[in-house]
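A.B. asks: turn this into a model:
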Amino acid sequence: MELTEAEKKLIEASRVGQPADFRSGNPDQDDPAKGGTWGEERKIRAEIIRELLTNSNPLSQVHSKGIDVRGARITGQLYLGGAALRSRLALIGCRIDEYLNLADASASSIALAGSSGRHPAAVERALGAFLRKDSAVRVQGLFQLPASGVW
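C.D. replies: Sure, this is the predicted structure:
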């Protein structure tokens, strides 16, 4: 599979424990609700994130700080159902184009602050399924599951 420049940036940032920041610095341009118009320089395939989180690609090592993506457009279905996530995941101010599945996933930390999706109800269901687990969940800061599509 040929990696895009954005995916290479994510893999390297995750390896050294730094955020992969794709924001322009212009709040209007960085609004995830407008993320459907973001170009190739911001696109990351969901399968790349899954590979990093599940350690399914031995060539992709993730720092103990985890995966921190800011201002990217996540394309494809981010299917993490039943997965044991090997590191924390932060998708901050990102656009999630397709469905997010967290059913029966185990993770130390998942942050979706300021992110937006085309299918907010699906992400809401995914988070609801994740939060209904018997294990303790710690939520820090503002946490909402609104129908508006911004978390």
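A.B. asks: name the element the residue most central in space within the chain belongs to?
C.D. replies: Geometric centre of the chain, nearest residue: Leu91, 3.8 Å, by CA atoms, centre = their mean. For Leu91, the host element (DSSP states H and E) is strand 89-92.
A.B. asks: and that strand, which strands flank it?
C.D. replies: Sheet pairing of strand 89-92 (DSSP bridges) gives strand 67-70 (parallel), strand 110-111 (parallel).
A.B. asks: give me the contact list for the shortest one.
C.D. replies: When you say that, I think you mean strand 110-111. Leu85, Arg88, Leu89, Ala90, Leu91, Ile92, Leu102, Phe130 (CB atoms under 8 Å, 6 or more residues apart in numbering). Just so you know, the C-beta spots here come from the backbone N, C-alpha and C atoms, and that holds for glycine as well.
A.B. asks: ok, now the first one?
C.D. replies: Residues outside strand 67-70 that contact it (CB under 8 Å, 6+ apart): 10, 13-14, 18-23, 44, 49, 52-53, 87-94.
A.B. asks: distance between that strand and the chain's centre?
C.D. replies: Averaging C-alpha positions (CA atoms, centre = their mean, to the nearest Å) puts strand 67-70 7 Å from its chain's average.
A.B. asks: I appreciate the help and will end here.
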